[in-house]
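[1] mind folding the following:
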Amino acid sequence: MRTGPTHLFIPGPTNVPEPVRRAMNVPMQDHRAPDFPELTLPLFEDLKRVFANESGRVLLYPSSGTGAWEAAISNTLSPGDRVLMSRFGQFSHLWADMARRLGLDVVCVDAAWGEGVPVGEYRRLLAGDPSVKAVFVTHNETATGVTSDVAAVRAAMDETGSGALLFVDGVSSVASIDFRQEEWGVDLAVTGSQKGLMLPAGLSMLSVSPKALEAAESSTMARCYFSFEDQIKANDAGFFPYTPPTPLLHGLRASLDLLFAEGLPQVFARHHRLAEGVRKAVAAWGLDLCAAAPTWHSDTVSAVRVPAGVDGAEVVRIGYERYRTSFGGGLSKVAGKVFRIGHLGDLNEVMCLAALAAAEMALADAGARVEPGSGVAAAQAHYRETAGAGPAAEGGAAHPPLAPELTAARG
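    The predicted structure is shown next:
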């Protein structure tokens, strides 16, 4: 007989806080009732706070984040439109694949898996091709544990005079890593319920700018289920054009309340602090991250490179079967070469230490020469040294200085 829970340290779905679980335990209700907007209208406004979207609006779809990817494209672009994308992990690859399958003319820049959006190459291509209608950024590449600089991409667009729409995949960053849609000039930002918003999968959120809403009026791509027009007409009155997942909406209310009670600056700082502890543990093991340099480090997931002769998939299997701990496996090009520790959502220091302890045992059992307790001790030291530190001291301030390129562009 096995007692206790199976521990979840994948980069999504993440752990659901108990207040959110309780909030979803509601009887079914009439989603056409006159008081239903009392639940929904505040959700739309509060989600704008999470995205830092002041002048646009947020649409909610009953889908995974992939549905919001498709909604963003199909409502604002037309078949044959030229778009600029980059591919440096499984999820940026899938977004580019979707764009091609929807009939877009995709210029795709391949970067090393371990790096992020190649801003310099974006700048060069945009300067030479004013026909580009949209620029795509995967803010946080979950497969490799890499975060890209959205502000720097906006700066490159401004410097080259690009009038393209800026699309951002924030599925594993929004509500965990600082995100400023209005300030960065992001036109369409996508996230899902199962990551930083601490809910089960099943809701996607698409935050759109006024520019994107205007683009939707001339887009000729076919859409039905994901239509902005249908959504907006119903949402303005607090309803949906089809049956919504009402328990998830109640859970979203509780999740947003938790995030705002903690404070978004504190949420970002907590994620940074916990991630730093994980990174110090990896260094203590003598291992490397898939992220090629600290500038790419993700505060929501660490992809850990396993030593030669060790199979990352075996580390994941051992962690689950022997120690009841779920880690993420390597995907596509990094399959077997990494295992991933998700550290986002409803998380604290002791939970991270448990993940690291399980990882040490699984690594050792898979044949890696890891000193038991070394990573845990390194993370413990970091967490003790930074206990009680405020957002600025932890390196996770809600509004860090702008990238130099952006300062120059805005100045």
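[2] what is the neighbour count of the closest residue to residue 318 other than its chain neighbours?
    Distances taken as C-beta to C-beta, 6 or more residues apart in numbering put residue 362 closest to residue 318, at 4.3 Å, once the chain neighbours are dropped. For every residue, glycine as well, the C-beta is placed using N, CA and C. Residues lying near residue 362 (other C-beta atoms under 10 Å) number 24.
[3] helices or strands next to the host helix or strand of residue 362 in the packing?
    Per DSSP states H and E, residue 362 falls inside helix 349-365. Other helices and strands packing on helix 349-365, by 3 or more C-beta pairs under 8 Å, 6 or more residues apart in numbering; DSSP states H and E, are strand 7-9, helix 264-284, helix 312-323, strand 325-329, strand 338-342, helix 374-386.
[4] next, the buried residues of that helix.
    For helix 349-365, the neighbour count (16 or more other C-beta atoms under 10 Å) marks 349, 351-353, 355-365 as buried.
[5] give me the contacts around it.
    For helix 349-365, the surrounding residues in contact (C-beta atoms under 8 Å, 6 or more residues apart in numbering) are 7, 9, 274, 277-278, 281, 285, 304, 306, 310, 315-316, 318-319, 322-323, 325, 327, 339, 341, 343, 370, 372-376, 379-380, 383.
[6] so how do I select the buried members of those residues in ChimeraX?
    To isolate in ChimeraX the members of the contacts of helix 349-365 that are buried, counting by 16+ other C-beta under 10 Å, one can use:
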select :7,9,274,277,278,281,285,304,306,310,315,316,318,319,323,325,327,339,341,343,370,374,375,376,379,380,383
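[7] where does the stretch 301-411 of the chain dip in pLDDT?
    Within the stretch 301-411 of the chain, the stretches with pLDDT under 70 are 390-411.
[8] still on that earlier bit, CA atoms of the helix holding residue 362 as CSV?
    Extracted as CSV, the C-alpha positions of helix 349-365 are listed here (Å, rounded to 0.1, in the frame of the first residue of the first chain):
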residue,chain,number,x,y,z
GLU,A,349,10.2,26.4,-0.9
VAL,A,350,9.5,23.0,0.7
MET,A,351,7.7,21.8,-2.4
CYS,A,352,10.8,22.7,-4.5
LEU,A,353,13.0,20.9,-2.0
ALA,A,354,10.9,17.8,-2.3
ALA,A,355,11.2,17.9,-6.1
LEU,A,356,15.0,18.2,-5.9
ALA,A,357,15.2,15.4,-3.4
ALA,A,358,13.2,13.1,-5.7
ALA,A,359,15.3,14.2,-8.7
GLU,A,360,18.5,13.4,-6.9
MET,A,361,17.4,9.9,-6.1
ALA,A,362,16.0,9.3,-9.6
LEU,A,363,19.2,10.6,-11.2
ALA,A,364,21.4,8.4,-9.0
ASP,A,365,19.2,5.4,-9.7
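[9] now the angle from it to helix 264-284?
    Using axes from the mean of the first three to the mean of the last three C-alpha atoms, to 10 degrees, the direction of helix 349-365 lies 20 degrees away from that of helix 264-284.
[10] do a quick rundown of the strands in the stretch 1-150 of the chain.
    7-9, 57-61, 82-87, 105-110, 132-138, 140-141, 146-147 (DSSP state E, counting those that start in this stretch).
[11] starting at the chain centroid, how far to the fifth one?
    Strand 132-138 has its C-alpha centroid displaced from the chain centroid by 17 Å (C-alpha atoms, centre = their mean, to the nearest Å).
[12] just the last one next, same as before
    Per C-alpha atoms, centre = their mean, the displacement of strand 146-147 from the mean C-alpha position of its chain is 10 Å.
[13] quick one: mean pLDDT over the next helix-or-strand element following that strand.
    Moving toward the C-terminus from strand 146-147, the next helix or strand (DSSP H and E) is helix 150-159. In this model, helix 150-159 carries a mean pLDDT of 98.
[14] and what of stretch 122-141?
    The average pLDDT for stretch 122-141 rounds to 98.
[15] same question, stretch 44-61
    On average, stretch 44-61 scores 98.
[16] burial of the spatially closest residue to residue 307 that is not a sequence neighbour, as a residue count?
    Nearest residue to residue 307, sequence neighbours excluded (C-beta to C-beta, 6+ apart): residue 368, at 5.2 Å. Residue 368: 20 surrounding residues under other C-beta under 10 Å.
[17] same check on residue 276?
    By other C-beta under 10 Å, 20 other residues sit near residue 276.
[18] I'd guessed it sits against residue 382; true?
    Yes: using C-beta atoms under 8 Å, residue 276 is in contact with residue 382, at 6.0 Å.
[19] would you map the helices across the stretch 101-250 of the chain?
    Taking DSSP state H, counting those that start in this stretch as the criterion, the stretch 101-250 of the chain carries its helices at 119-128, 150-159, 181-184, 210-216, 228-235, 246-262.
[20] pick the most buried one from these.
    A comparison of those by mean neighbour count, using mean count of other C-beta atoms under 10 Å, puts helix 150-159 on top with a mean of 23.
[21] which helices and strands does that one pack with?
    Where contact means 3+ C-beta pairs under 8 Å, 6+ apart, helix 150-159 is packed against helix 119-128, strand 132-138, strand 165-169, helix 181-184, helix 404-410.
[22] hmm, who's touching the second one?
    Translated: strand 132-138. When contacts are defined by C-beta under 8 Å, 6+ apart, strand 132-138 is touched by residues 76-77, 81-86, 88-89, 91-92, 95-96, 99, 107, 116-117, 122, 125-126, 148, 150, 153, 157, 162, 164-169.
[23] quick check: can you name the pairing partners of that strand and their directions?
    strand 82-87 (parallel), strand 165-169 (parallel) (DSSP bridges).
[24] among these, which is nearest residue 57?
    Nearest to residue 57 among these is strand 165-169 (15.5 Å), distances taken as C-beta to C-beta.
[25] for that closest one, output the C-alpha coordinates as PDB.
    Once non-C-alpha atoms are left out, strand 165-169 reads as follows in PDB (Å, rounded to 0.1, in the frame of the first residue of the first chain):
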ATOM      1  CA  LEU A 165       0.900  42.700 -35.300                       C
ATOM      2  CA  LEU A 166       2.900  41.300 -32.400                       C
ATOM      3  CA  PHE A 167       1.700  37.800 -31.300                       C
ATOM      4  CA  VAL A 168       2.900  36.400 -28.000                       C
ATOM      5  CA  ASP A 169       2.500  32.800 -26.600                       C
END
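[26] now it, how far from the centre of its chain.
    For strand 165-169, the distance to the chain centre is 13 Å (C-alpha atoms, centre = their mean).
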